[in-house]
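**Student:** Need coordinates for the below:
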Amino acid sequence: MKLAFIGLGNMGAPMARNLHDAGHDVHAWTRSAARRAALRAEGMRVEEHLAAAAEGAAIAISMLADDAAELAVSEGDAGLLRHLPRGAVRISMSTIGVAASHRLAELHAAHGQGYVAAPVFGRPAAAAARALWIAAAGADDALARARPILEALGRGLTLPGGPAETAHALKLGANALGAIITEGLGEVFAYGAKAGVAPAAYLELLDQSMLQAGFVGNYARMIVAGGTDSRGGFPLRLALKDVGLALDAAVGLRAPLPLAASVRDRMLRAVATGRGEHDLPGLAQLAFEDAGLGNG
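**Tutor:** This is a model prediction of the structure:
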């Protein structure tokens, strides 16, 4: 079975190489002529033109930078839509927008082709080690055909159900969470440095007291379970007090904590609306309410 692999950057190249090494008939293509030549020298079959990679392929995988790149390799005389056979399945493993993913699903359906959205979680080292986690959604028949390929590329799959673009929505939300966490860590490390504690030393404290103790996972599970326990192990009224004191300290240290300031206002709303005795995960109720989801 011929596989087309489109996009051979820092993520795509090791993924295509893993499929090749696993014995799949991979015909790859990337826009950079220099990259094509370098990967040919490593023994991969890299076509000079996208059409040659796509023609006769049962499955085409794309791993590209953004919406524009995904649509560019899809449309036009040289695109996947024209050169993939009817009945072939396109797997978009790029991180793209929900609207772009939905558009690709529509385009491939109009051409008699299947479409699976399967964005990956992991960095290039994880791609090389086949240690990616993959979220995949699409029609059942397309998913069934794509699944052996996806399982060869990662350590596990999440199949959320729903239309294909659901997988891209989940990936984007996870990336937003990653950015929020990274920003929060940066703020706290800078705050600690202004208090005279080196980031490495502060990390050791946080690692032992919160990260390895499962703080994030435990609180996430409490949120999923409802997070409204009024017997609060850490009541929101006390959390509000602590965050307020941290912000007071930050003013004295001249170390801004903008995320903490935003969270303080959310906590204030929770306490003002009668939830001061709820455990800290109850704060997440506000997000559900703001999204029109009641109590979650």
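
**Student:** Kindly tell me how buried residue 270 is, as a neighbour count.
**Tutor:** Neighbour count for residue 270, taken as other C-beta atoms under 10 Å: 22. The way it works is simple: take the backbone N, C-alpha and C, and place the C-beta from them, glycine included.

**Student:** again, but for the one 5 residues further on
**Tutor:** Using other C-beta under 10 Å, residue 275 has 21 neighbouring residues.

**Student:** same check, this time on residue 133
**Tutor:** Neighbours around residue 133, by other C-beta under 10 Å: 15.

**Student:** so where does it fall, helix or strand?
**Tutor:** Using DSSP states H and E, residue 133 falls within strand 132-135.

**Student:** Output the longest helix belonging to this protein.
**Tutor:** Of all the segments of type helix in the chain, defined by DSSP state H, the longest one is helix 165-194.

**Student:** Tell me which other helices or strands that one touches.
**Tutor:** Other elements packing on helix 165-194 under the criterion 3 or more C-beta pairs under 8 Å, 6 or more residues apart in numbering; DSSP states H and E are helix 98-110, strand 114-117, strand 132-135, strand 137-138, helix 199-206, helix 236-253, helix 258-270.

**Student:** Mean pLDDT for those - can I get that in CSV?
**Tutor:** Supplementary listing: the helices and strands packed on helix 165-194 in CSV, determined by pLDDT from 0 to 100:
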stretch, mean pLDDT
helix 98-110, 98
strand 114-117, 98
strand 132-135, 98
strand 137-138, 98
helix 199-206, 96
helix 236-253, 96
helix 258-270, 96
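
**Student:** closest one to residue 214 among these?
**Tutor:** helix 199-206 (13.0 Å; C-beta to C-beta).

**Student:** Please name every helix or strand in contact with the strand holding residue 133.
**Tutor:** Using 3+ C-beta pairs under 8 Å, 6+ apart, the elements in contact with strand 132-135 are strand 120-121, helix 140-153, strand 154-158, helix 165-194.

**Student:** quick one: that strand to chain centroid distance?
**Tutor:** From the chain centre to the centre of strand 132-135 is a distance of 9 Å (C-alpha atoms, centre = their mean, to the nearest Å).

**Student:** all helices for the stretch 1-150 of the chain, in order.
**Tutor:** 12-21, 33-41, 50-54, 67-72, 80-83, 98-110, 124-128, 140-153 (DSSP state H, counting those that start in this stretch).

**Student:** Now render these as CSV, adding distance to residue 234 and mean neighbour count.
**Tutor:** Compiled in CSV, these are given as follows (distance: least, C-beta to C-beta, whole Å; neighbours: other C-beta atoms under 10 Å):
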stretch, distance to residue 234, mean neighbour count
helix 12-21, 42, 22
helix 33-41, 51, 13
helix 50-54, 55, 22
helix 67-72, 41, 17
helix 80-83, 52, 20
helix 98-110, 35, 19
helix 124-128, 34, 16
helix 140-153, 40, 18
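
**Student:** Now do the buried residues in the helix or strand of the chain with the lowest mean pLDDT.
**Tutor:** Lowest on mean pLDDT, DSSP states H and E among the helices and strands of the chain sits helix 215-225, with a mean of 89. Neighbour counts using 16 or more other C-beta atoms under 10 Å place 219, 222-223 of helix 215-225 among the buried residues.

**Student:** Could you check the pLDDT of the residue lying closest to residue 124 once chain neighbours are set aside?
**Tutor:** Leaving aside its sequence neighbours, residue 124 sits nearest to residue 10 (C-beta to C-beta, 6 or more residues apart in numbering; 4.5 Å). We have a pLDDT of 95 for residue 10.

**Student:** what's the answer for residue 214, then?
**Tutor:** For residue 214, pLDDT reads 87.

**Student:** Please apply the same query to residue 44.
**Tutor:** Residue 44 is assigned 88 on the pLDDT scale.

**Student:** cool, residue 124 as well?
**Tutor:** pLDDT, residue 124: 97.

**Student:** Would you mind listing the outside residues contacting the strand holding residue 133?
**Tutor:** 15, 93, 118-122, 126, 150, 153-160, 167, 170-171 (C-beta atoms under 8 Å, 6 or more residues apart in numbering).

**Student:** And those residues, which of them are buried?
**Tutor:** 15, 93, 118-122, 126, 150, 153-154, 157, 159, 167, 170-171.

**Student:** of all these, which comes closest to residue 141?
**Tutor:** residue 159 (13.8 Å).
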